[in-house]
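K.L.:
Just need the structure, nothing else, for what follows:
(2 chains)
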Amino acid sequence: MKGWTHASQGARMSVRRRFSWDQFSAVATLIPSLILLGVFVYGFIVWTGYVSLTNWNSFIPNFSFAGLQNYINVFGTFRFQSDLRNIVVFTALFIIGCLIVGMGLALLIDQRVRAEGLFRSIFIFPMAISFVVTGVIWSWILNPGTGVNLVLKAFGWKTLPSWFLSTTIVPNITLGQIQVGIPLALLAVLIAAVWQMSGFAMAVYLAGLRGISDDIKEAARIDGAGAVRMFWSIILPQLKSTTTTIVIILSAASLKVFGLIYAMTGPGQEFVTDMPSLNMFQTTFQGDQFAQGAAIAIVLLLLLAVFIIPYLISTLRQDSSS
Amino acid sequence: MMALRRINRSLLYVVLIILACLYLVPVYVVAVTSLKANSAISLAEMWNLPSSLSLSSISAAWAQLGPNFMNSFELAVPATLLSALIGALNGYALSKWKFKGTNVIFFLILFGMFIPYQSVLIPLLRVLDMIGLYNTIAGLILVHTVYGIPITTLIFRNFYVAIPDEIIESGKIDGTGYWGIFRHIVLPLSIPGFVVAGIWQFTQVWNNFLFAVALTNPPYQPVTVALVNIAGSQTVQWNVQMASALLVSLPTLIVYIFLGKYFVRGLLAGSVKG
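P.N.:
This next block holds a predicted model:
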């Protein structure tokens, strides 16, 4: 009896030692990744922030301190002011477009349709394609001289849209150096962007719709709720957190949009389709204005962080409490 | 009532089919354009089917893109394997061996997924230059592996959370340690996780443009950069441009057609919650 107790205690001891050793292994597993990301993400962001405060605006590095001068310069340019207008307009319309199209498609597909898999695949496949491919193809389809305009002409349209070559801004209110409004050229880019990303909204909404319990829907039906009422009072509120998730992910994608613009339109005449991401790239690597490019990059990062950090914190909190 | 239902159902299918056709318009345009010969091109007939099939556009595109295709494969395959493997190890540690601070570490890893890469580009270029990896495929592999860690960690972490803890506990009771449990219990269950993470990463790396255009010059450029060069050139006919777009999309599209289910799982994993 005594021996047994001892053995058991010994075993428990070794199990405990084992566990703490294992716990150490878990931490050790993560260390290489933490070092890599510590350098490549956090270290480099700090480094970029530092560059943005220097006078390094020629090919030769110059790390003398410039204070916030680069930020002041950048915000004073016609180009960056246009970028801010474009990114806000683009992100807002992109999210609204993807949410409406994605929700519409998800509702249609959720009706127990035949060949559901085929329809889903068709609506999601653009996600598997590179943004630059999308840009190249849609710049051809929406080319004012050919493309869709040929079809519109055949249907008897007189004034054909000039798509991404348009320089019109609606409603065109002068503010600072720029005209504030919706640059019509961006609508052409938006068609391509929504084509590419609405499948994401659809897939997430579809997963959300399938998660709503039939009991709730049944109860509403018994109460005499029609399809429209059912959507607004039952389905939409149930999908609130799903919608939040989609909005966050799409805002991140939208603020980062680069390849699509680069391949489809470039900055555009009078910067009607320019974006901070493209401005940063050209300022830095084609204009050798490293410090100004760094300042644009930091502004872009801050714009994203406003969306992402609260989202990540709240998601991880929910996750650990459940 | 039944008649109404039937009409509604028919309407539903009509709407769905119209929408599906709209989504396939670019596919149609690319297909009919790339299958026309140079001589058969006229802008007015861009929507028409080719009168005779010709592979000359596709072969002209391949002549320009071929070498870049190899670059993209040499980049995407190792980068995918490496980041998937690292993601699996991280996901295992974060889901099955939780300790104080797990959530903070998870947050710090995940944040790297959302940053605009412009905010790391200047130092990245200088560091790669310093270690002799600027303008090399190896440099791009390193970059894509590192910035791929957040999403692969997320995919595997959510994948492993779904594996019951009891399986891990039984391993502990048998006296198997951290690595033994991973090797003999967790890894054999991980194949779907590797498929999801692998497909997702392969697609992302293959399709990436920003790193490719910022960190490589000819002849080391991946296909996306080559495509943009072809499309931006005034001398290249647009049937060759469309054929190039088709070729660049083929590898990821083929993966999508055969393993679409897993691609969508990667897509959903991107929304953080498992």
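K.L.:
where does chain A have its least confident helix or strand?
P.N.:
For chain A, counting by mean pLDDT, DSSP states H and E, helix A:2-37 ranks last in confidence among helices and strands (a mean of 69).
K.L.:
Quick check: what element follows that one along the chain?
P.N.:
Next along the chain after helix A:2-37, taking DSSP states H and E as the criterion, comes helix A:44-51.
K.L.:
Output the contacting helices and strands for that next one.
P.N.:
Based on contacts counted as 3 or more C-beta pairs under 8 Å, 6 or more residues apart in numbering or on different chains; DSSP states H and E, the elements that helix A:44-51 packs against are helix A:290-321, helix B:118-130. Placement of C-beta: from N, CA and C, glycine included.
K.L.:
Kindly present those helices as TSV, with separate columns for distance to A:Ile235 and mean pLDDT.
P.N.:
Compiled in TSV, the helices and strands packed on helix A:44-51 are given as follows (distance: least, C-beta to C-beta, whole Å; pLDDT from 0 to 100):
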stretch	distance to A:Ile235	mean pLDDT
helix A:290-321	21	90
helix B:118-130	38	96
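K.L.:
Those: which one's closest to B:Ile151?
P.N.:
Ranking the helices and strands packed on helix A:44-51 by distance to B:Ile151, with C-beta to C-beta as the measure, places helix A:290-321 first at 13.4 Å.
K.L.:
center of chain A - which residue?
P.N.:
Centre of chain A computed as the mean C-alpha position; nearest residue by C-alpha atoms, centre = their mean is A:Ala253, 1.7 Å away.
K.L.:
Hmm, that one is touching A:Met197, no?
P.N.:
Yes: judged on C-beta atoms under 8 Å, A:Ala253 makes contact with A:Met197 at a distance of 6.5 Å.
K.L.:
Over to the residue nearest to A:Gln269 when sequence neighbours are not counted. Which of the three states is it?
P.N.:
The spatially closest residue to A:Gln269, leaving aside those adjacent along the chain, is A:Thr167, at 5.2 Å (C-beta to C-beta, 6 or more residues apart in numbering or on different chains). Reducing the assignment to helix, strand or coil with DSSP: H, G, I helix; E, B strand; the rest coil, the entry for A:Thr167 is coil.
K.L.:
Now do the residue of the stretch 151-300 of chain A found nearest chain B against A:Ala220, distance only.
P.N.:
Ranking the residues of the stretch 151-300 of chain A by distance to chain B (C-beta to the nearest C-beta) places A:Gly259 first, at 3.8 Å. As for A:Gly259, its distance to A:Ala220 is 44 Å (criterion: C-beta to C-beta, to the nearest Å).
K.L.:
more crowded one of the two?
P.N.:
Summary of the neighbour comparison: A:Gly259 and A:Ala220, criterion other C-beta atoms under 10 Å in any protein chain shown, with A:Gly259 having more neighbours (24 against 16).
K.L.:
confidence score at that one?
P.N.:
The pLDDT attached to A:Gly259 in the predicted structure is 95.
K.L.:
and it, what does it touch?
P.N.:
Each residue near A:Gly259 by C-beta atoms under 8 Å, 6 or more residues apart in numbering or on different chains is listed here: A:130-132, A:135, B:209-210, B:224.
K.L.:
Just name the closest of the residues you listed to A:Gly117, please.
P.N.:
Of all these, A:Gly117 sits closest to A:Ser130, with 24.1 Å by C-beta to C-beta.
K.L.:
Can you give the domain ranges for chain B?
P.N.:
For chain B, the domain assignment from automatic domain parsing gives the residue ranges B:2-34, B:58-269.
K.L.:
A:Gly67: which of those domains is closest?
P.N.:
For these, proximity to A:Gly67 was assessed by C-beta to C-beta; domain B:58-269 is nearest, at 18.7 Å.
K.L.:
centre of the chain versus that closest one, how much separation?
P.N.:
Relative to the mean C-alpha coordinate of its chain, domain B:58-269 is positioned 7 Å out (C-alpha atoms, centre = their mean, to the nearest Å).
K.L.:
what are the ranges of the helices in the stretch 201-322 of chain A?
P.N.:
Assignment of helices within the stretch 201-322 of chain A using DSSP state H, counting those that start in this stretch yields the ranges A:214-222, A:227-230, A:236-238, A:240-255, A:259-264, A:276-281, A:290-321.
K.L.:
Could you do chain B as well?
P.N.:
Secondary structure of chain B, counting by DSSP state H: helices at B:2-34, B:56-96, B:102-114, B:118-130, B:137-161, B:165-173, B:178-181, B:191-207, B:210-215, B:223-232, B:238-269.
K.L.:
will you turn the domains of chain B into JSON lines that also has mean neighbour count and distance to A:Trp140?
P.N.:
As requested, those are arranged in JSON lines below (neighbours: other C-beta atoms under 10 Å in any protein chain shown; distance: least, C-beta to C-beta, whole Å):
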{"stretch": "domain B:2-34", "mean neighbour count": "14", "distance to A:Trp140": "7"}
{"stretch": "domain B:58-269", "mean neighbour count": "20", "distance to A:Trp140": "6"}
